[in-house]
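K.L.:
model the following, please.
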Amino acid sequence: MKIFPLLELPEEIQAVVVERAARNSIQDLFGLKASSRSMKALAERRGVYHFLDVLSVPWGLNMPYELLKVCYAEGNPSTLYIKGVKFFYTFDLKEEGLSLMKRAVDAGYERAVYTHAMTRVIFWGEGKYLSRIPRESLDRIGKLVRSIKWGWGLWHTPEFKERMALFISHILPKFYSCQCGNHVERDCPCLWHIDVTKDDNMCPHCLWLKEIGLFLREFEPVSLYRDTRKW
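P.N.:
Numbers count the residues shown, from 1 in each chain. Model prediction:
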């Protein structure tokens, strides 16, 4: 099988290939970068690191601060998201954190769309942002956001914990009192049963209550990239 003559393509096409590699994974980008001098030059040009999703980097690889700085300087949506989450949820810098998350939302970063919407509804009761999360992708994106377990629940501010307590005491009973979705009676109608009490036929209101409850129960700030104030 012949090797595809990538280097024989016009330079602008090669640049597109490098950008697509960056979108796919850091392994693909660095593999392409190591393949030739011309690819290395293209991979190091300004703008390439805008497309890299740093949250797709395997946990075993350490992201150098200098690389994070470069990504952030190029408006990389994943670094905007990480920094925004840390500022809002860990450092209690709400205005700065929300602004950074919003920039990632505007760039179309789906983790940011989900987290920004959850943040708005939990802290300000602004449910209109939930409509920006595609219904067909809600379960997948929610699991993706909540799958990062580097914070171990120790990085939340007291206000977040207060919001969780408020949800449990005032909102959660509404979820359990609604008989939609083949409701399973629970002796303890708590947050830990919210995802196993009703099936997918639950009403739209309960669907969103479940998703908010899961976010409160499982979401943790991205503590691996500390301290994000340095980049």
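K.L.:
phi, psi of the most centrally placed residue in the chain?
P.N.:
In the chain, the centroid-proximal residue (C-alpha atoms, centre = their mean) is residue 111; its distance is 2.9 Å. Residue 111 adopts backbone torsions of phi -60, psi -40, taken as degrees, to the nearest 10.
K.L.:
next one: residue 185
P.N.:
According to degrees, to the nearest 10, residue 185 has phi -70, psi 140.
K.L.:
shaky segments in this structure?
P.N.:
Low-confidence segments of the chain (pLDDT under 70): 1-47, 58-63, 149-155, 187, 222-227.
K.L.:
give me the element the nearest residue to residue 178 once chain neighbours are set aside is part of.
P.N.:
Counting by C-beta to C-beta, 6 or more residues apart in numbering, residue 206 is the residue found nearest to residue 178 once chain neighbours are left out, at 5.4 Å. C-beta: built from backbone N, CA, C; applies to glycine. Using DSSP states H and E, residue 206 falls within helix 204-218.
K.L.:
what's the domain layout of this protein?
P.N.:
Domain assignment of the chain by automatic domain parsing yields the ranges 6-73, 91-231.
K.L.:
looking at those domains, which is nearest to residue 81?
P.N.:
Between residue 81 and these, the shortest gap by C-beta to C-beta is with domain 91-231, which sits at 4.1 Å.
K.L.:
can you put the domains of the chain in CSV and add distance to residue 83?
P.N.:
Putting the domains of the chain into CSV (distance: least, C-beta to C-beta, whole Å) gives the following:
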stretch, distance to residue 83
domain 6-73, 7
domain 91-231, 4
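K.L.:
residue 82 is nearest to which of the ones you listed?
P.N.:
Closest of those to residue 82 is domain 91-231, at 5.0 Å (criterion: C-beta to C-beta).
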